[in-house]
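1. Sequence plus the predicted model coming up.
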Amino acid sequence: FRVTGTGFETTIRVPSSRRGALVFAEIEMEPGDNPATGSYNFGGYLVIANNADTTIYLDGMLLGLATSQASEIPGASCAERVAWIANPNGLWTSAVQRFPGAGREYPIGPGERRMIATDAIDHRPLYFQGYDLRGAGFEFRGSSDVDNPNVPDMVNVGLRGDFFGHGLFSGGVISEPWFLALPTDMAALQLGTMPFTTSSFQLMPADRVLHVSSNLTKYDYAFPLCGTYVHPRFDRSIAMVVTPYEYSHSTQRLRSGPNRTGPYQWTRSSDVDLVKAPKTAPR
């Protein structure tokens, strides 16, 4: 848009917001801190929202973590990995979950939200700043966590997805590009190996990716940050709004309108779209 003033006129270019379809409305995957037992990683949750004006069925949709690197690592520099991480053709990933359902079991109407919890239980007895996540819409499942029979389970379809026995979660001081994608034949995806490792990953094609939100915990990383975490076609810049062990706040997406009740902002620039705000989960 143009800005005019006395004796001058200038043009300021700003990214335009898109409605999109499914978006991440809130990301709360920071660890808690139990004074008796130390770090508590399993009380996190994600909230997705339907930013479109029609009903969407979540059945078969995919949710995952794109593989990335936060900062320089001795023996594996950002420059040596960025071409692999920032692939314009898709997102490398090993952690992918599929929403349950056979087609039309899990509708989400325009403007509606759904929470996906690491563990859909009441976490308040487990650590002093815990939240009650029994009302989540879905939960990740692992080999050694507690199942809430009243909450539908996400289905692990990635190469690796049972982190510490609690299914998919992330936390601590790592780069976290979360993505949502259309139903995809995982067995048909291209395989690749991360440079300087023997670990295999799958490439989620760009035309299947609906939405990416990348955020990095505020932290002294000791080494320089990489600066690029996915290709700019997915997300141009990462957000850094919360600190480790941030109990009462989460990373949330801005909304439009005079009362911030309109559509969610999505400019494909997480540092513009995401802010720190009080958690929405019940205490």
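-> Sure, I can see it. Just so it is clear, the structure is predicted and the values come from calculations on it, not from any experiment.
2. can you pull the contacts of the spatially most central residue of the chain?
-> Nearest residue to the geometric centre of the chain (C-alpha atoms, centre = their mean): Trp178, 3.0 Å. Neighbour list for Trp178: Phe24, Ile27, Leu46, Leu63, Gly64, Leu65, Ala66, Val212, Ser213, Ser214 [criterion: C-beta atoms under 8 Å, 6 or more residues apart in numbering]. Yep, even glycine has a C-beta here, placed from its N, CA and C like the rest.
3. does it have beta-bridge partners, and which?
-> As for beta bridges, Trp178 partners with Leu65, Ser213 under DSSP bridges.
4. pLDDT wise, what is it at?
-> Note on Trp178: pLDDT of 94.
5. what about Arg81, distance to Tyr57?
-> For Arg81, the distance to Tyr57 equals 37 Å [C-beta to C-beta, to the nearest Å].
6. the more surrounded of these two?
-> Arg81 (20 against 15; other C-beta atoms under 10 Å).
7. Would you agree the more buried one falls within a helix?
-> Yes - per DSSP: H, G, I helix; E, B strand; the rest coil, Arg81 lies within a helix segment.
8. Hmm, Thr197 and it touching each other?
-> No - contact between Arg81 and Thr197 fails when scored by C-beta atoms under 8 Å: they sit 9.7 Å apart.
9. and the helix or strand where Val96 lies, which strands flank it?
-> Using DSSP states H and E, Val96 sits within strand 90-98. Here strand 90-98 has these sheet partners by DSSP bridges: strand 62-66 (antiparallel), strand 155-156 (antiparallel), strand 200-205 (antiparallel).
10. Pick the most buried one from these.
-> strand 62-66 (a mean of 25; mean count of other C-beta atoms under 10 Å).
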